[in-house]
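*Asks:* What shape does this take:
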Amino acid sequence: MRRHLLGIIAIGFLVAAVALLLNGSTGPGSICLRSGCTLAAVWLAYPQVKDLFSRPPNSMKVAIGLGLVVFVIRPQLILFILAGIAILAVFQFITYLFAPMPKRRRSEEKSSDSGE
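*Replies:* Next up is the predicted model:
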């Protein structure tokens, strides 16, 4: 349902962008065009993005937990805590991008070969 809604909103932004650009409103038209393209890209990648954020790695859970503990003890360090968690998240994402694809099980191979 959410994916369909994202697609509908993206199409709405793109239609509004075309209408605004044809009317001569370049500022709002370009904003709608960028928003529509971004939402369309999220719509295309929705299953992968959902899978990526549904199972955070254990290292992120530990980092967030330690960050909360340090924040409770010393609230002045919030910028350093957020920067450290952001850097760890970027490294996790890069690792996710370059990790090999998981091997398919034999039952999945048989069902995909039979054309079902």
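*Asks:* Helices of the protein, start to end?
*Replies:* For the chain, helices defined by DSSP state H occupy the ranges 2-23, 26-54, 58-73, 78-98, 106-113.
*Asks:* Switch those helices over to CSV; also include mean pLDDT and mean neighbour count.
*Replies:* Any C-beta I mention is one placed from the backbone N, CA and C, and that applies to glycine too. Converted to CSV, these look like this (pLDDT from 0 to 100; neighbours: other Cβ atoms under 10 Å):
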stretch, mean pLDDT, mean neighbour count
helix 2-23, 92, 14
helix 26-54, 86, 14
helix 58-73, 85, 12
helix 78-98, 85, 12
helix 106-113, 57, 10
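*Asks:* Pull the CA coordinates from stretch 29-38 and hand them back as PDB.
*Replies:* Backbone C-alpha positions of stretch 29-38 (Å, rounded to 0.1, in the frame of the first residue of the first chain) are rendered in PDB as follows:
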ATOM      1  CA  GLY A  29       8.000  23.700 -11.300                       C
ATOM      2  CA  SER A  30      11.600  22.700 -10.700                       C
ATOM      3  CA  ILE A  31      10.900  21.900  -7.100                       C
ATOM      4  CA  CYS A  32       8.000  19.700  -8.100                       C
ATOM      5  CA  LEU A  33      10.200  18.000 -10.800                       C
ATOM      6  CA  ARG A  34      13.000  17.200  -8.300                       C
ATOM      7  CA  SER A  35      10.500  16.000  -5.700                       C
ATOM      8  CA  GLY A  36       8.700  13.800  -8.200                       C
ATOM      9  CA  CYS A  37      12.000  12.300  -9.500                       C
ATOM     10  CA  THR A  38      13.200  11.600  -6.000                       C
END
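*Asks:* Need the residues that contact that stretch.
*Replies:* Residues outside stretch 29-38 that contact it (Cβ atoms under 8 Å, 6 or more residues apart in numbering): Ala10, Ile11, Gly12, Phe13, Leu14, Ala16, Ala17, Val18, Ala19, Leu20, Leu21, Asn23.
*Asks:* Dump those into a markdown table; add distance to Tyr46 as well.
*Replies:* Compiled in a markdown table, these are given as follows (distance: Cβ to Cβ, whole Å):
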| residue | distance to Tyr46 |
| --- | --- |
| Ala10 | 11 |
| Ile11 | 15 |
| Gly12 | 17 |
| Phe13 | 16 |
| Leu14 | 17 |
| Ala16 | 22 |
| Ala17 | 21 |
| Val18 | 24 |
| Ala19 | 26 |
| Leu20 | 26 |
| Leu21 | 27 |
| Asn23 | 31 |
